[in-house]
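*Asks:* model the structure of this input:
(2 chains)
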Amino acid sequence: MENFLQQLLNGVTWGGIYALIALGYTMVYGVLKLINFAHGEVYMVGAMTGFYVAHALGFASQPSLAGLFVTLAAAMLACAALGALIERVAYRPLRLRGAGRLAPLITAIGVSLLLQNAGQLVFGADPKFFPSIIESRELLRVGSIALSNVQVVVLVTALALMAGLEFVVMRTRFGRAMRAVSFDAPAAALMGVPVDRVVLGTFVLGSALAAAAGILVGLSNPKIDPLMGVMPGIKAFVAAVLGGIGNIPGAMVGGLLLGVVETLVSGYLSSTYRDAIAFLVLIAILLYRPTGLFGTPQTEKV
Amino acid sequence: MRGQPRRRAPWLALLALVLACGPDTGAGGSGAEAGKEPIKVGHFASLTGDTATFGQSTDRGIRMAIEEINARGGVLGRPLELISEDDRSITEEARSAAQKLLQRDQVVALLGEVASSRSLAAAPEAQRAKVPMISPASTNPKVTEVGNYVFRTCFIDPFQGAVMARFAQGELGAKRVAILFDFKQDYSVGLAEFFRNTFKELGGEIVADERYTSGDIEFRAQLTTIRAANPDAVFVPGYYTEVGLIAKQARELGLDVPLLGGDGWDSAKTLEIGGAAVEGYYFSNHYAADSDSPKVRAFVDGYRKQHGEVPDAMAALGYDAAGILADAMERAGRVEGEPLRAALAATRDYDGVTGRISIDEARNARKDAVVLKIEGGKFRFYRSVPAS
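*Replies:* This is a model prediction of the structure:
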């Protein structure tokens, strides 16, 4: 029992990272009906930015919560800018020319490959080791269940960011505009909602969350490299579909659930099956509930 | 319209540049005078990627040996020339790196790789071309079984696995041991198997047998299962990148038993990633840099002067592999093909940095192993285990 609880705890922490990445996928899909396959690479750039900022400002040698906060903020800002740039350079021109849905999708894959290879050029292909901005120690121990401060920081940060996002989407003017565009973009445009700015804002928000995920993974699993975004990117996409793509609470739950499933498979079956089962989940969802756990089936209006 | 010609100008300039450079690149051959023509030796290695320190260290070791040999007048009056090719730590790339060296550069011998999976990927190419290949550090038995042109200058995993199993049982008094190995690496799978067999023969019990995959960063699930089995020690026969992360996460989960490993741990990165988490752990290795043999000391001092750091075992094995190759060329009186192969196979009691090396009939090196302990942020010699 104790081990099961420990596994759940491991899984929720791991899933929190998936959830943060999945949010970016789901928000962009919500407003543009576009799967932004370059999102995993934004997460990688977030981790890399954190690595350089932490070293440049000396947080690597002097662990502190303030250092973590500054690193997190710097990475989120950098990736927000990157997200905005990707939208302006890669997606908006296509949208303004009225390209269908396939061209932006292929472009997204192109941007993803560009960032992977540019990453290898700029950061080098060797893995880097994320500095311990907060020193890992045991915080709590109940029986054999160990909870470390790193796990707490990861969980709390992830949950706080998700709560913040929920607030932005549900309670602010921008959030209302976002929901309007998601619901019906042409109608929202007719009502005076600046669609392009809303889309830009969505990329900014989603990319900042991916950057946060990059920093959190650096804290709890401190190996980062230019290709680190590939697998988590795909997994987070699975999580977003699992929760119902386009649905924000769905992405959060989907991410957490996927993290728990992967951990339980690794812990009780074999880690060899971990990835296979994650994708089996995707296939099962697509077969039996294509709209995901939280999605509502849409009926085509004639 | 008026903007058009101006906008085209940079493209034209670029085109002109490409055309101007084109014919030049083909004529870059060097030193073609007869007699003094260098002997081309290829090295395919993981110069970048997940196990980059393996390839870089080996390359430095080989280069150091070749510089020394050339300073003494080369081999049979000709200098050695090393051509290195990066495989980015990717199994499939090792094969194409070897092909490039064989076909494009026409090397007379191949050195490489460290990771057994990558040596196994490249070895058939060397065998087919009948060009001798020497793996400095691949310990999986299957590597030299590829064919009679494939050699190695290190011991093999049945020996290394047995060394650590005996160490766990005898030195640490462990009765219950858990294993966590890398399912995707032939090296790790093999070493885990040989450890498992020997440890069971000695009357011990394997209480958990868990896997991970190269590139993984999250091991808490497997470590929680291992913790539940309550072992006396955990055998982790992986490569350094993952080992550092595993050690950290094991300590976080309160798994406070010694971790044991093999030569895949031998990289300064293990200490960099693992930090305090790897203190007090043990691994088997090819040599100890803090040994007081004069041969080792001369090598360590020379290497440190050049690179500013203590050479790891990969550097030492690279140095020995190049030394053995040059030695075989001298004895053969030829630098290629069957005579070179036969001379390599006849290597006996070569006095290397990593010990006295003889090549046996299976083209493996017979030599001693050492066990190192991580103490005070350093690898320290703990004890030596003779070849059986």
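
*Asks:* return the residues of the stretch 251-388 of chain B in contact with chain A.
*Replies:* Proximity of the stretch 251-388 of chain B to chain A, by C-beta under 8 Å from any C-beta of the partner chain, involves residues B:Arg251, B:Glu252, B:Leu253, B:Gly254, B:Lys269, B:Glu272, B:Ile273, B:Gly275. Using the backbone N, CA and C atoms, a C-beta is placed for each residue, glycine as well.

*Asks:* quick check: closest non-adjacent residue to the residue nearest the centre of chain B.
*Replies:* The residue lying closest to the centre of chain B (C-alpha atoms, centre = their mean) is B:Val114, at 2.5 Å. In space, and not counting its chain neighbours, B:Val114 is closest to B:Phe54: 4.0 Å by C-beta to C-beta, 6 or more residues apart in numbering or on different chains.

*Asks:* just after the host helix or strand of the one you found, pick out the following helix or strand.
*Replies:* Applying DSSP states H and E as the criterion places B:Phe54 in helix B:52-71. Per DSSP H and E, the first helix or strand lying C-terminal to helix B:52-71 is strand B:80-86.

*Asks:* any buried residues in the next helix or strand after that following strand, and which?
*Replies:* Next helix or strand after strand B:80-86 toward the C-terminus (DSSP H and E): helix B:91-103. In terms of neighbour count (16 or more other C-beta atoms under 10 Å in any protein chain shown), helix B:91-103 has its buried residues at B:Thr91, B:Glu93, B:Ala94, B:Arg95, B:Ser96, B:Ala97, B:Ala98, B:Gln99, B:Lys100, B:Leu101, B:Leu102.

*Asks:* what does helix B:91-103 contact?
*Replies:* B:42-44, B:83, B:85-87, B:107, B:110, B:112-113, B:115, B:117-119, B:121-122, B:125-126, B:129, B:131, B:133 (C-beta atoms under 8 Å, 6 or more residues apart in numbering or on different chains).

*Asks:* which among the residues you listed count as buried?
*Replies:* The neighbour-count test (16+ other C-beta under 10 Å) marks B:42-44, B:85-87, B:107, B:110, B:112-113, B:115, B:117-119, B:121-122, B:125-126, B:129, B:131, B:133 as buried among the contacts of helix B:91-103.

*Asks:* looking at these, which are in helices?
*Replies:* B:Ser117, B:Arg118, B:Ser119, B:Ala121, B:Ala122, B:Glu125, B:Ala126, B:Ala129 (DSSP state H).

*Asks:* which among these gets closest to A:His55?
*Replies:* B:Arg118 (31.3 Å; C-beta to C-beta).

*Asks:* what about the strands in the stretch 101-250 of chain A?
*Replies:* Ranges of strands in the stretch 101-250 of chain A, per DSSP state E, counting those that start in this stretch, are A:128-129, A:138-142, A:145-148, A:223-224.

*Asks:* strand partners (parallel or antiparallel) of the first one?
*Replies:* It stands for strand A:128-129. strand A:223-224 (antiparallel) (DSSP bridges).

*Asks:* give the rounded mean pLDDT of the strand it pairs with.
*Replies:* Average pLDDT, strand A:223-224: 92.

*Asks:* please apply the same query to stretch A:130-147.
*Replies:* Mean predicted lDDT for stretch A:130-147 stands at 83.

*Asks:* what about it, distance to the chain center?
*Replies:* 24 Å (C-alpha atoms, centre = their mean, to the nearest Å).

*Asks:* and it, what's buried?
*Replies:* A:Phe130, A:Pro131, A:Ser132, A:Ile133, A:Ile134, A:Ser136, A:Ser144, A:Ile145, A:Ala146, A:Leu147.

*Asks:* briefly note if that stretch comes near chain B.
*Replies:* Yes: Stretch A:130-147 reaches chain B (C-beta under 8 Å from any C-beta) through A:Ser132, A:Ser136, A:Glu138, A:Arg141, A:Ser144, A:Ala146.

*Asks:* do I have it right that the fourth one meets A:Gln6?
*Replies:* Looking back up the chat, that one is A:Arg141. No: judged on C-beta atoms under 8 Å, A:Arg141 makes no contact with A:Gln6 at a distance of 10.7 Å.

*Asks:* which residues sit against the host helix or strand of A:Ala276?
*Replies:* A:Ala276 belongs to helix A:274-288 when elements are defined using DSSP H and E. Here helix A:274-288 makes contact (C-beta under 8 Å, 6+ apart) with A:Met231, A:Lys235, A:Val238, A:Val241, A:Leu242, A:Leu258, A:Val261, A:Glu262, A:Val265, A:Ser266, A:Gly292, A:Leu293.

*Asks:* ok, and the most crowded of these?
*Replies:* A:Ser266 (30 neighbours; other C-beta atoms under 10 Å in any protein chain shown).

*Asks:* tell me how far the closest residue to A:Leu216 other than its chain neighbours lies from chain B.
*Replies:* In space, and not counting its chain neighbours, A:Leu216 is closest to A:Val154: 4.7 Å by C-beta to C-beta, 6+ apart. As judged by C-beta to the nearest C-beta, to the nearest Å, A:Val154 and chain B stand 12 Å apart.

*Asks:* could I get the pLDDT score of A:Val154?
*Replies:* Model confidence at A:Val154, expressed as pLDDT, equals 91.

*Asks:* pLDDT value on the residue of the stretch 51-200 of chain A found nearest chain B, please?
*Replies:* Here the stretch 51-200 of chain A gets closest to chain B at one residue, A:Ala125, 4.0 Å apart by C-beta to the nearest C-beta. Looking at A:Ala125, its pLDDT reads 81.

*Asks:* what's it in contact with, if anything?
*Replies:* Neighbours of A:Ala125 in contact, by C-beta under 8 Å, 6+ apart: A:Asp225, A:Pro226, B:Thr48, B:Gly49, B:Ala52, B:Arg88.

*Asks:* so which strand or helix has the fourth one?
*Replies:* If you go by DSSP H and E, B:Gly49 is not part of any helix or strand.

*Asks:* that one contacts B:Arg88, doesn't it?
*Replies:* Yes: contact criterion C-beta under 8 Å: B:Gly49 and B:Arg88 qualify, at 4.4 Å.

*Asks:* tell me which of the contacts of helix A:274-288 fall in helices.
*Replies:* Using DSSP H, those in helices are A:Met231, A:Lys235, A:Val238, A:Val241, A:Leu242, A:Leu258, A:Val261, A:Glu262.

*Asks:* OK, contacts around the last one?
*Replies:* By that I understand A:Glu262. Contact analysis of A:Glu262 by C-beta under 8 Å, 6+ apart lists A:Gly11, A:Trp14, A:Gly15, A:Lys235, A:Arg274, A:Ile277, A:Ala278, B:Ala221.
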